[in-house]
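Novice: Next comes the sequence, and after it the predicted model I'd like to discuss.
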Amino acid sequence: MTESWHRFFTTDRILSMRRGRGERDLCLVVGDTEQGQTLARWDAERGIGVPLSGDFGDPGEAVLGADGELVLSLHDDNGSEVGHVWATSVDGTDRRDLTPDLAPYALRGIDTARYGDDVVITAAAPDGFSLWYLHDRGTRSPRRLFTSPHEAWNGLISADGRIASVDTTDHNPGVRRFAVTVVATGTGAVLGRLTDGPEAPVRAVRFSPVAGDDRLLVSTERTGFARPCVWDPADGGRIDVDAPDLDGDLVALDWSDDGTRILLAHVDRGLHRVLEFDLLRRELTAIAHPDGAYFEPDVAAAHLNQWASHYAADGRVRLLHQRFDQPLTVRYVDRSTGEVTALDPATPPVPGVRADSLVVYSTDGTPLQLWVCRPPNTEGPLPLVLNLHGGPNLVSVDSYNPQAQAWVDSGVAYASLNYRGSVTFGRRFREGFIGSIGDRELEDIESAVRRLVADRVADADRVFVTGASYGGFLSLLSVGRSPKVFAGAMAFVPMADWVGAYEDMNPALRAAWKAFFGADPRLDPDRFRHSSPITYVASVRSPVCIVQATHDTRTPPAQAYAYAKALQDVGGDVRLDWFSGGHETSSRRQEVEDQRQLMDLVQAALRGEPWSRGPVEPPTGRHLG
């Protein structure tokens, strides 16, 4: 008999919809189906979607070529996130490596011109970070436009392909506070650089869609919070949307096709409100819409957002909308009337539970945002699972969460914390973890648990912690350094040993963590050991489950095995499960199995039963060093 919570996983749904850069209103749609993640090309003007079959690499990083006939994406080794960008025809018959002579690299940006076949990619390889100029049909050899040993991400290209930008840190090496450098694609000559000083990062969002218009939409932080700016690299002119009456971040999302308006999202303590700024009238206008999330930032990826609302070719705003209980839906805003209409989803969503947003104060008074879901018609404290997102420069938004719905359906409360390090809460909050990795986050986690217990949502003796990647790291660190707080930890692809992992990470991650720690583990290993869960295995008192990938280059497998073995050796209750792949699970079947296992583990812990299945084992036949 199928458990009732399965229904939240078994409905096909849209994960993201990214409009191509070309003149046509074509969108690349990533779907979640029984077969895993799928791609489709949706012609919005005609209302026709065409499923794409073939090998298109990583769906989450894929983009359409300007003419809509090619899909460009990273192809790697079993999810390792290190490989080459390939171009594949939408019918899957024609495939070509666009950088055949380059060493394998991690992708940190990909963008196509609006007209023609010009493309830029930002690659991180052992020789540094580079912006490469190429053509989507591979007709010319790649040309390096910019390179640096310091972090450089998010390469973008102008509508006509004449200039390109890249977010750079050469002005402030070792600190992830970017400036925007613009270069000529013909020569690589630097044409301009936008920096607001060492304290205030600037990031590029998108060039104007109008041919010959070199203006660049960027995000600035002169006030400590994100604000949009339109900058002209030719003369240095800029239009800043200061919005002094708004608290929180004002995030730039997109240009209208005629270059006269920009789409924005105001984020105040985690809650989204969509606005539009008219560049001619210099007016900021709110757009009416339901509560929920309208974009989701990404980090260490090829795009600034996992998904985001944007403009349609006809000038309407295409809102992408989610809530904890509702998968992504598409809504259109008619600018002349303000009317919001929704496209009917292919499959009606399964009814779920909304999440409440709470403000919690950490040990030092820092406000934190916490999402909380409680089983309906329940009273008194319950077992609770506290989720910690990855990143750390990611964020938990009000987006559909089948895991949360499954927990609540089974009678377990669920919460997700935006700890210090999360984005969209301003620069100070985003950087609050730097230099003392794990310390401030643990203060935030303990404060969240105290609030949940005080509000009688959670039973103090039945709180479990879980998370993936950096969230998995914090889960393991929590049970080692706060052993009395949690009844168990369930960590997916976690970082467990910073020192042991360093040499196995891909180059992009090594550069990032040196900056975050403010040190090199080969020169100052003690700082990394202080933040490593493996240092505290002797203090762990609760059961631990780790699910780890065999080809992960972000949180490598060897260090996860070392942690599990060390915990086992001191008598800890630990299990280590392996799956073949990289940093993320893309199979719905695997997601369902993972959820079933977590639910079984929580129930076992509540009955006082161990989680261990015997000695932990390395993945058979896999390289661990």
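Specialist: All right, it came through fine. Numbers count the residues shown, from 1 in each chain.

Novice: The residue nearest to residue 435 when sequence neighbours are not counted and residue 173, how far apart?
Specialist: Of all residues not flanking residue 435 in the chain, residue 518 sits nearest, at 5.0 Å (C-beta to C-beta, 6 or more residues apart in numbering). C-beta here means a position set from N, CA and C on the backbone, and glycine is covered the same way. Taking C-beta to C-beta, to the nearest Å as the measure, residue 518 and residue 173 are separated by 12 Å.

Novice: Alpha carbons of stretch 424-441, as CSV, please.
Specialist: Included here for stretch 424-441 are C-alpha records, laid out as CSV according to Å, rounded to 0.1, in the frame of the first residue of the first chain:
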residue,chain,number,x,y,z
THR,A,424,18.4,38.5,0.3
PHE,A,425,18.7,39.7,3.9
GLY,A,426,21.4,42.3,3.2
ARG,A,427,25.2,42.2,3.0
ARG,A,428,25.9,42.1,6.8
PHE,A,429,23.6,39.1,7.2
ARG,A,430,25.0,37.3,4.1
GLU,A,431,28.6,37.7,5.2
GLY,A,432,27.8,37.0,8.9
PHE,A,433,29.4,33.6,8.8
ILE,A,434,32.7,34.6,7.2
GLY,A,435,35.9,34.1,9.1
SER,A,436,34.2,31.9,11.8
ILE,A,437,32.6,29.2,9.7
GLY,A,438,29.8,27.5,11.7
ASP,A,439,30.0,29.6,14.9
ARG,A,440,27.3,32.2,14.1
GLU,A,441,25.2,29.6,12.3
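
Novice: for the record, mean pLDDT for that stretch?
Specialist: Along stretch 424-441, the predicted local confidence has a mean pLDDT of 92.

Novice: Please apply the same query to stretch 258-278.
Specialist: Mean pLDDT, computed over stretch 258-278, is 97.

Novice: for it, which positions count as buried?
Specialist: Within stretch 258-278, the residues that qualify as buried by neighbour count (16 or more other C-beta atoms under 10 Å) are 259, 261-268, 270, 272-277.

Novice: where does that stretch sit relative to the chain's centre, distance-wise?
Specialist: Mean-position distance between stretch 258-278 and its chain equals 20 Å (C-alpha atoms, centre = their mean, to the nearest Å).

Novice: repeat for stretch 113-130
Specialist: The gap between where stretch 113-130 is centred and where its chain is centred comes out at 20 Å by C-alpha atoms, centre = their mean.

Novice: Over to stretch 277-285?
Specialist: Mean-position distance between stretch 277-285 and its chain equals 30 Å (C-alpha atoms, centre = their mean).

Novice: same thing with stretch 451-465?
Specialist: Taking C-alpha atoms, centre = their mean, one finds stretch 451-465 lying 28 Å from the centre of the chain it belongs to.

Novice: Ramachandran angles for the closest residue in space to residue 295 that isn't next to it in sequence?
Specialist: With C-beta to C-beta, 6+ apart as the measure, residue 308 is the residue that lies nearest to residue 295, at 3.8 Å, once sequence neighbours are left out. Note on residue 308: its backbone torsions stand at phi -160, psi 150 [degrees, to the nearest 10].

Novice: Could you check the pLDDT of residue 308?
Specialist: At residue 308, the pLDDT recorded in the model is 97.

Novice: go on, residue 624?
Specialist: At residue 624, the pLDDT value in this model is 46.

Novice: returning to that earlier point: with respect to residue 253, which of the buried residues of stretch 258-278 is nearest?
Specialist: Top of the list for closeness to residue 253, among the buried residues of stretch 258-278 and by C-beta to C-beta, is residue 263 at 4.5 Å.

Novice: Report all helices and strands that the strand or helix carrying that closest one contacts.
Specialist: Residue 263 belongs to strand 261-268 when assigned by DSSP states H and E. If contacts are counted by 3 or more C-beta pairs under 8 Å, 6 or more residues apart in numbering; DSSP states H and E, strand 261-268 sits against strand 227-231, strand 249-255, strand 271-278, strand 310-311.

Novice: contact partners of the helix or strand immediately after the longest one in the chain?
Specialist: Put plainly, it is strand 271-278. Next in sequence after strand 271-278, counting helices and strands by DSSP H and E, comes strand 283-286. Contacts of strand 283-286 from elsewhere in the structure, counted by C-beta atoms under 8 Å, 6 or more residues apart in numbering, are 241, 243, 264, 273-278.

Novice: May I see the domains of the protein written out as residue ranges?
Specialist: The chain breaks down into these structural domains: 1-97, 103-240, 249-348, 356-606 (assignment by automatic domain parsing).
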